[in-house]
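Sequence first, then the predicted structure, then my questions.
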Amino acid sequence: MTPFGLRVRTLRKSRRITLKKMAGDLDISSAYLSALEHGHRGRPSWSLVAQICDYFNIIWDDAEELQRLASLSHPKVAVDTSGLSPTATEYANLLAKEIRALPEARLKEMLRYLKSNRSEK
């Protein structure tokens, strides 16, 4: 599941809307919506995110957050380390190889570190 998919699913379920109803209301297939929620499809288009914001009456900061989650929700990520240090290349390759074995607590710790490091710049 992707961050975007989790958020959409949470919104949908909290409003007791079935996947089939939401898909029909958005004029997309329920299979596509399910695949988005479960992270089996790439990130959604900006226009679909806007439709979903409109559908749930999401505005301002919450809409920006949903767009941010969509931009971070591609389930097959490629990391270009050309021009970076050998350490960066090794790190990216090891992360790609080992990410499935990392415990959720460690992933959250690493994510917190990356987010805090970004805000320090």
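Right, received. Where do you want to start?

List the residues that contact residue 32.
Contacts for residue 32 were tallied using Cβ atoms under 8 Å, 6 or more residues apart in numbering; they are 23, 41. Heads up, the C-betas are built off the backbone N, CA and C, glycines and all.

State the next helix or strand along the chain beyond the one helix or strand it maps to.
Under the criterion of DSSP states H and E, residue 32 resides in helix 30-38. Past helix 30-38, heading to the C-terminal end, the next element that is a helix or strand (DSSP H and E) is helix 46-55.

can you state the direction angle for that next one and helix 30-38?
For the pair helix 46-55 and helix 30-38, the angle between their directions (axes from the mean of the first three to the mean of the last three Cα atoms, to 10 degrees) equals 90 degrees.

So for helix 46-55, what gets flagged as buried?
Taking 16 or more other Cβ atoms under 10 Å as the basis for neighbour counts, the residues of helix 46-55 that come out buried are 48-49, 51-53, 55.

ditto for stretch 58-72
Residues of stretch 58-72 classed as buried under the neighbour-count rule (16+ other Cβ under 10 Å) are 58, 63, 66-67, 69-70.

so can I have JSON lines of those showing pLDDT, distance to residue 108 and secondary structure?
As requested, those are exported to JSON lines (pLDDT from 0 to 100; distance: Cβ to Cβ, whole Å; DSSP: H, G, I helix; E, B strand; the rest coil):
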{"residue": "58", "pLDDT": "96", "distance to residue 108": "25", "secondary structure": "coil"}
{"residue": "63", "pLDDT": "96", "distance to residue 108": "25", "secondary structure": "helix"}
{"residue": "66", "pLDDT": "97", "distance to residue 108": "21", "secondary structure": "helix"}
{"residue": "67", "pLDDT": "96", "distance to residue 108": "23", "secondary structure": "helix"}
{"residue": "69", "pLDDT": "95", "distance to residue 108": "16", "secondary structure": "helix"}
{"residue": "70", "pLDDT": "95", "distance to residue 108": "21", "secondary structure": "helix"}
